[in-house]
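A.B. asks: My questions concern the predicted model and sequence given below.
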Amino acid sequence: MGKDLQKLKDMWHKFVTYGEIDPTIDTCISESWIRSQKYGVDCIHGGIGKMLSQDELNKILRDNNDLVLIALPIMQQIMKLVEGVSWVSLTNQDGYIIEILVNEDALEKKQAINNNRGIRWCEEDVGTNAISLCMIHDKPMLTAGAEHYCLGHHSGMCAATPVHDENNKIIGCLNITCNNKYMDNNILSLSATGAAAIEKQAMLFRAYEIINKTFNSISEGMIVTDTDFTIIKVNANACKILNTSERDLLNENLTHLLKDMDLPCILLQDKPLYNEDCCFYINNTKRYCKGNINFLNFHSKKDGIVIIFNKEKNANQLANDIIGNRARYTFDKIITQNQAMLDLISFSKKISKSNCNVLMLGESGTGKELFAQSIHNESSRANGPFVAVNCAAIPRDLVESELFGYVRGSFTGASNEGYTGKFELANGGTLFLDEIGDMPIEIQSKILRVLDNRQITRIGSKHEKSLDVRVIAATNKDLLSEVKKKLFRLDLYYRLNVVSLNIPSLNERNGDIRLLADYFLQQMNNEEQKTIHAIDEEVLAAFEEFEWPGNIRQLQNLISSMFYYCEDETITMDCLPENEFKSKRYEVAAKLKNPIHNAEMNLILNAITDYSGNITKAAKTLGLSKSTLYRWLKKYGIDTQELSTSRSSE
């Protein structure tokens, strides 16, 4: 290093006595002397740094705890390597000592008062020193003997290097102080090397913290194993899901927890597994989960596995959210003013509070699913899934797998990921079995078993899973008649028919046809952003007289059709589509039970028939103008040419 300590002392003496700057002195030192003088630092008696209060010190130590933990081993190593070191200190970015290791044997008494944690080593307090200079110039700095501004520091030599974070921002510095008589030419290099080691460890620690925080913030459980399936890391949610502690999981072999899975075979596979059924055996209990299994690779070799899993209920919840297994309707959405319907709604609300099975009876299109969804939403299961299954729409050979699911590889053509059946998807909620009367007889016994013991077994699996499902079934068939035909099991009928609801047909709901027609019209206006103000009274009267085999569904569809045919602000009989109500519009009028309309139509038909389709003669006989007769023909949808043809063929 070759610093002439006596020459430095002479330079310092000239500056503090006469204000002279020797041209051979290091510029960084001379500029620091000038600043120290401006700060009013006492060069003879000064050099004692500002001391924090205990509360202030505690806060700084808390804020820099990670930095101290990282730096301390490196500081201890320096103390061992360098002979005659008085102390090794670590400061924060403001120059406060946050950690210090002291060699009591090499420490002079006059130095002891200035080497405690909480002392600030800045030019404003102690004048020129390596700690302040390294942070001012952002590089390693060494101050020896009289390069220090204060006389009390002249007996020592300091080498300090700034410590940076991952963004190259100074977060502190590492300082090595020794007595001048132990001057070591390598002390600055050692300080720089130590600071670089701290920076590297800090970045590794930061990366580890990010990974660890991310690892524990994942909502799913995560377990990492080595190649022998010994658990080497778990996150907090894994412990929560499995209801156990990290201590109990670490070093446990995963094969003991997942007894039903062939983990060694899985490790030999080339592809990860997704949505796998996982049954964890923990503390003499089974915990069913859904998991993804992937491999850890190191140097192109599998070095262990990672399993990310969640409670099966949560996994099913996610599936239901994606599929949309939610009940949209509530009782207030049922449009009615019919007293029988109002009484049925009131009774349905009462049974909603229970968990009993419900059997709904009624013609197609009466709104059985609407009632089922409303019961679900009125119940304590409202936040759970509502899964609807049309039993008549499932191919016979797929019914069992659709309802009960299957495990991976259980049969030819089975999905590699297995399949979650509708009963499992409905766990915690309601399963609506529509058209239950069409359920194959061989599947009915399995449904009965599920209803009896509340457990499900997937196809190809040996393990039963407990279920909490309410079943609502619906049919338009006479199930007792089906029982006599040996097409429906009597025991299943009684199991489903704990409470029965008879949904009335539209024809039985006096006063509701007009109400519903108006509701569907407004619904169409909202959907199509179009305004049709009303339905003509003649149409409404026809609706009330018509037999509705398709019930509410048929009425809704008809309103939709007439809405699109309508070119005015009112829906009239002219908007009635062809092929509706048994093919021809005039046949609608023929089916009306209004005697006046029937009489009018019969007079017209007879007159036209008598005059072989001659409109002029028919109008004269009826006492009508030709234009009026044409209007009546249009009103009743009578095609004179077709009528003449049909009459002649008779």
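C.D. replies: The structure has been received and is ready for your questions.
A.B. asks: The longest strand belonging to the chain: partners in the sheet, and parallel or antiparallel?
C.D. replies: With secondary structure taken from DSSP state E, the chain has its longest strand at strand 285-298. Using DSSP bridges, the strands paired with strand 285-298 are strand 273-282 (antiparallel), strand 301-311 (antiparallel).
A.B. asks: how about those in CSV, adding mean pLDDT, mean neighbour count and distance to Arg454?
C.D. replies: Using the backbone N, CA and C atoms, a C-beta is placed for each residue, glycine as well. Shown next, in CSV, are the strands paired with strand 285-298 (pLDDT from 0 to 100; neighbours: other C-beta atoms under 10 Å; distance: least, C-beta to C-beta, whole Å):
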stretch, mean pLDDT, mean neighbour count, distance to Arg454
strand 273-282, 83, 18, 18
strand 301-311, 87, 18, 18
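A.B. asks: picking up where we left off before, residues contacting the longest strand of the chain, please?
C.D. replies: 221, 224, 241-243, 266-267, 272-280, 302-312, 315-316, 463, 465 (C-beta atoms under 8 Å, 6 or more residues apart in numbering).
A.B. asks: Please repeat the previous calculation with a cut-off of 7 Å.
C.D. replies: With contact meaning C-beta atoms under 7 Å, 6 or more residues apart in numbering, strand 285-298 is reached by 241-242, 266, 272-280, 302-312, 315, 465.
A.B. asks: For Ala130, find the nearest of the strands paired with strand 285-298.
C.D. replies: strand 301-311 (46.1 Å; C-beta to C-beta).
A.B. asks: got a pLDDT number for Lys7?
C.D. replies: In this prediction, Lys7 carries a pLDDT score of 93.
A.B. asks: Tell me the secondary structure at it.
C.D. replies: helix (DSSP: H, G, I helix; E, B strand; the rest coil).
A.B. asks: give me the number of residues near it?
C.D. replies: 14 (other C-beta atoms under 10 Å).
A.B. asks: Quickly note the distance from it to Leu521.
C.D. replies: 105 Å (C-beta to C-beta, to the nearest Å).
A.B. asks: Over to Asn338?
C.D. replies: With C-beta to C-beta as the criterion, Asn338 and Leu521 are 19 Å apart.
A.B. asks: The two - which one has more neighbours?
C.D. replies: Set Asn338 next to Leu521 and count neighbours by other C-beta under 10 Å: Leu521 wins out with 20 against 16.
A.B. asks: how about that one, secondary structure?
C.D. replies: helix.
A.B. asks: ok, now which ones touch it?
C.D. replies: 532, 535, 559, 563.
A.B. asks: Let's see that with 10 Å instead.
C.D. replies: 532-535, 559-560, 562-563, 566, 571 (C-beta atoms under 10 Å, 6 or more residues apart in numbering).
A.B. asks: Cys134 too?
C.D. replies: 91, 140-143, 158-163, 170, 173-175, 191-192, 195.
A.B. asks: Likewise for Asn64?
C.D. replies: 71, 90-93, 96, 98-99, 171-172.
A.B. asks: rerun at 6 Å
C.D. replies: For Asn64, the contacting residues are 92, 98, by C-beta atoms under 6 Å, 6 or more residues apart in numbering.
A.B. asks: what mean pLDDT would you report for the strand or helix carrying Met203?
C.D. replies: Per DSSP states H and E: Met203 is located in helix 187-217. Helix 187-217 comes out with an average pLDDT of 88.
A.B. asks: The chain - how does it break down into domains?
C.D. replies: If you go by automatic domain parsing, the domain ranges for the chain are 5-209, 218-311, 324-504, 507-577, 595-649.
A.B. asks: Could you work out the end-to-end span of the fourth one for me?
C.D. replies: Put plainly, it is domain 507-577. Start-to-end span of domain 507-577 (C-alpha to C-alpha, to the nearest Å) is 22 Å.
A.B. asks: Please tell me how far that domain is from the chain's geometric centre.
C.D. replies: How far domain 507-577 lies from its chain's middle: 42 Å, per C-alpha atoms, centre = their mean, to the nearest Å.
A.B. asks: average model confidence for that domain?
C.D. replies: Mean predicted lDDT for domain 507-577 stands at 88.
A.B. asks: The shortest one too?
C.D. replies: Domain 595-649 comes out with an average pLDDT of 71.
A.B. asks: got it, and the third one?
C.D. replies: Summarised as a single mean, pLDDT over domain 324-504 is 89.
A.B. asks: would a markdown table of the strands paired with strand 285-298 with distance to Lys290 be doable?
C.D. replies: Shown next, in a markdown table, are those (distance: least, C-beta to C-beta, whole Å):
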| stretch | distance to Lys290 |
| --- | --- |
| strand 273-282 | 6 |
| strand 301-311 | 6 |
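A.B. asks: So for Ile441, which of those strands sits nearest?
C.D. replies: Nearest of the strands paired with strand 285-298 (C-beta to C-beta): strand 273-282, 29.3 Å.
A.B. asks: Other residues contacting the closest one?
C.D. replies: Contacts of strand 273-282 (C-beta under 6 Å, 6+ apart): 242, 244, 257, 259-260, 286-293, 309, 417-418.
A.B. asks: The same query, at a cut-off of 8 Å, please.
C.D. replies: By C-beta under 8 Å, 6+ apart, strand 273-282 touches 242-244, 256-261, 266, 286-293, 307, 309, 312, 315, 407-408, 417-418, 458, 461, 463.
A.B. asks: Give me the buried subset of the contacts of Cys134.
C.D. replies: 91, 140-143, 158-163, 173-175, 191-192, 195 (16 or more other C-beta atoms under 10 Å).
A.B. asks: among these, which are in strands?
C.D. replies: 91, 141-143, 158-163, 173-175.
A.B. asks: any idea how far the closest residue in space to Tyr288 that isn't next to it in sequence lies from Lys9?
C.D. replies: What sits nearest to Tyr288 in space, not counting adjacent residues and going by C-beta to C-beta, 6 or more residues apart in numbering, is Glu312, at 4.3 Å. The gap separating Glu312 from Lys9 is 80 Å, by C-beta to C-beta.
A.B. asks: Show me which of those two is the more surrounded one.
C.D. replies: Legend: neighbour count by other C-beta under 10 Å for Glu312 and Lys9, higher for Glu312 (20 against 15).
A.B. asks: Near Gly405, how many other residues are there?
C.D. replies: The number of residues near Gly405, taken as other C-beta under 10 Å, comes to 24.
A.B. asks: hmm, back to that, want to throw the contacts of Leu521 into JSON lines with secondary structure, distance to Asp55 and neighbour count?
C.D. replies: Compiled in JSON lines, those are given as follows (DSSP: H, G, I helix; E, B strand; the rest coil; distance: C-beta to C-beta, whole Å; neighbours: other C-beta atoms under 10 Å):
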{"residue": "Ile532", "secondary structure": "coil", "distance to Asp55": "76", "neighbour count": "20"}
{"residue": "His533", "secondary structure": "coil", "distance to Asp55": "77", "neighbour count": "10"}
{"residue": "Ala534", "secondary structure": "strand", "distance to Asp55": "79", "neighbour count": "13"}
{"residue": "Ile535", "secondary structure": "strand", "distance to Asp55": "80", "neighbour count": "22"}
{"residue": "Ile559", "secondary structure": "helix", "distance to Asp55": "77", "neighbour count": "23"}
{"residue": "Ser560", "secondary structure": "helix", "distance to Asp55": "75", "neighbour count": "16"}
{"residue": "Met562", "secondary structure": "helix", "distance to Asp55": "81", "neighbour count": "24"}
{"residue": "Phe563", "secondary structure": "helix", "distance to Asp55": "76", "neighbour count": "20"}
{"residue": "Cys566", "secondary structure": "coil", "distance to Asp55": "81", "neighbour count": "18"}
{"residue": "Ile571", "secondary structure": "strand", "distance to Asp55": "81", "neighbour count": "23"}
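A.B. asks: Would you check that Phe15 makes contact with Ile29?
C.D. replies: No. Contact criterion C-beta atoms under 8 Å: Phe15 and Ile29 do not qualify, at 9.8 Å.
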